[in-house]
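Participant: Below is the structure, and that's it, no one-letter string:
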């Protein structure tokens with residue numbers, strides 16, 4: 001799911017720069033545009049940086065945010081207790097928030 005969102009954001013960025021194609025969308029296909037595109041790309045970059053520093057924290061974000069897993073499900077997948085996941089989730093959110101806040 002993460003790659004799908006990133007690919008969609010990149011495609012919209014290409015369209016903005018004139019990819020040479022006329023884009024028509026039906027109401028069912030439309031995805032909100034604007035700053036959300038930048039947020040997806042910024043989140044992707046932030047997750048890549050987090051993965052370099054703390055791989056498990058990045059994995060927790062991916063499983064919860066992109067995979068939609070609950071904390072009990074993530075605990076089973078990662079083989080840790082839920083309390084650890086809550087701490088990891090809080091830490092990951094704080095690090096990503098700080099990273100996004102310092103990004104231009």
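Facilitator: Done, it's in. Quick caveat: nothing in here was measured; it's all calculated off a predicted structure. Numbers count the residues shown, from 1 in each chain.

Participant: The least confident helix or strand in the chain by mean pLDDT: what's the following helix or strand?
Facilitator: Lowest mean confidence among the helices and strands of the chain (mean pLDDT, DSSP states H and E): helix 2-16, at a mean of 66. Sequence order places helix 35-53 as the next helix or strand after helix 2-16, per DSSP states H and E.

Participant: Show me what the next helix or strand after that next one packs onto, helices and strands only.
Facilitator: Under the assignment DSSP H and E, the closest C-terminal helix or strand after helix 35-53 is helix 55-61. Packing contacts for helix 55-61, counted by 3 or more Cβ pairs under 8 Å, 6 or more residues apart in numbering; DSSP states H and E, involve helix 35-53, helix 71-78, helix 82-102. (Each C-beta comes from the backbone N, C-alpha and C, glycine too.)

Participant: which of the residues in helix 55-61 are buried?
Facilitator: Residues of helix 55-61 classed as buried: 56-61 (neighbour count, 16 or more other Cβ atoms under 10 Å).

Participant: The residue nearest to residue 72 when sequence neighbours are not counted: what's it in contact with?
Facilitator: Distances taken as Cβ to Cβ, 6 or more residues apart in numbering put residue 82 closest to residue 72, at 6.3 Å, once the chain neighbours are dropped. Residues near residue 82 by Cβ atoms under 8 Å, 6 or more residues apart in numbering: 71-72, 75.

Participant: Could you single out the nearest of the residues you listed to residue 96?
Facilitator: Comparing the contacts of residue 82 against residue 96 with Cβ to Cβ places residue 71 closest, at 17.7 Å.
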